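S.K.: whatever this is, show me its structure:
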Amino acid sequence: MFEGMATGNTDGAVPEPAAVTVEMLRCWIAGLARLDRQVDDATRVAQLELLERLKSAAAAAQAEVTVDFVASQRAEQVAAGVPAGRVGVGVGAQVGLARRDSPFRGGRYVGLAQALLSELPATMAALRAGDTSEWRATVVARETRVWTRPTGGPRTPSWVRRWRGWGTGRWRPRPGRSPTGWTRGRSWTGPGARPKTGR
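M.R.: Numbering: from 1, shown residues only. Below you'll find the model as predicted:
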């Protein structure tokens, strides 16, 4: 069902697929309803792992689409003469609607997507590869939003590369402590993001 992807590879290598279209996405959804259940337990474990990776990769793709959508909508609003203070209003609500969620949650999705693409490249790479979940990426964005590097570079703490197989509580930084080499800075604020609290 995944057009352009390899089948029957024994070395684990997968060639680059063709550009994924809306029609292909609909085909994938329909195909998953026919997942092969007449398999052994080893295959079931592989199915669970790959389906989890697929969810994460889909979340990464949603983040990229969200950032592109926000930029396009803001450009359209500016071109239409929308006052500067109103540019971007309503975009989060549209994202929430598309994701079958509330306008408030839509704003949170926008903030997360912008953080992943502009400030958390390692987290985004892990999400895209299926090595972490959207929830864990959200926690990373939330926990690091008040930290900045002395160089002003992207806020990508080294511990995001060691999380596979860990519970969220194990790799989450301790309250009041930042990763080595990081300092507290201006709080990150994105659409729908709330100020850091002491909790």
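
S.K.: when you work out contacts or count neighbours from here on, use the C-alpha atoms and nothing else.
M.R.: OK.

S.K.: confirm residue 16 sits in a helix?
M.R.: No - assessed with DSSP: H, G, I helix; E, B strand; the rest coil, residue 16 is coil; it does not lie in a helix.

S.K.: that one: neighbour count?
M.R.: 9 (other CA atoms under 10 Å).

S.K.: where do the strands sit along the chain?
M.R.: Assigned strands in the chain, in chain order: 147-148, 183-184 (criterion: DSSP state E).

S.K.: rank these by pLDDT, which is bottom?
M.R.: Per-stretch mean pLDDT for those is lowest at strand 183-184 (a mean of 46).

S.K.: which elements pack onto the lengthiest helix in the chain?
M.R.: Ranked by residue count, the top helix of the chain under DSSP state H comes out as helix 41-79. If you count contacts as 3 or more CA pairs under 8 Å, 6 or more residues apart in numbering; DSSP states H and E, helix 41-79 packs onto helix 91-98, helix 103-118, helix 121-129, helix 134-143.

S.K.: can you redo these as a markdown table with mean pLDDT, mean neighbour count and distance to residue 77?
M.R.: Listed next are the helices and strands packed on helix 41-79 as a markdown table, based on pLDDT from 0 to 100; neighbours: other CA atoms under 10 Å; distance: least, CA to CA, whole Å:
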| stretch | mean pLDDT | mean neighbour count | distance to residue 77 |
| --- | --- | --- | --- |
| helix 91-98 | 97 | 19 | 10 |
| helix 103-118 | 95 | 22 | 17 |
| helix 121-129 | 92 | 21 | 28 |
| helix 134-143 | 89 | 19 | 28 |
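
S.K.: where in the protein is pLDDT low?
M.R.: For the chain, the stretches with pLDDT under 70 are 1-15, 146-199.

S.K.: switch the cut-off to 90
M.R.: Flagging of the chain using pLDDT under 90 yields the residue ranges 1-18, 119, 122, 136, 139-199.

S.K.: go through the helices and strands packed on helix 41-79 and name the closest to residue 25.
M.R.: Evaluated with CA to CA, these place helix 91-98 nearest to residue 25, the distance being 14.6 Å.
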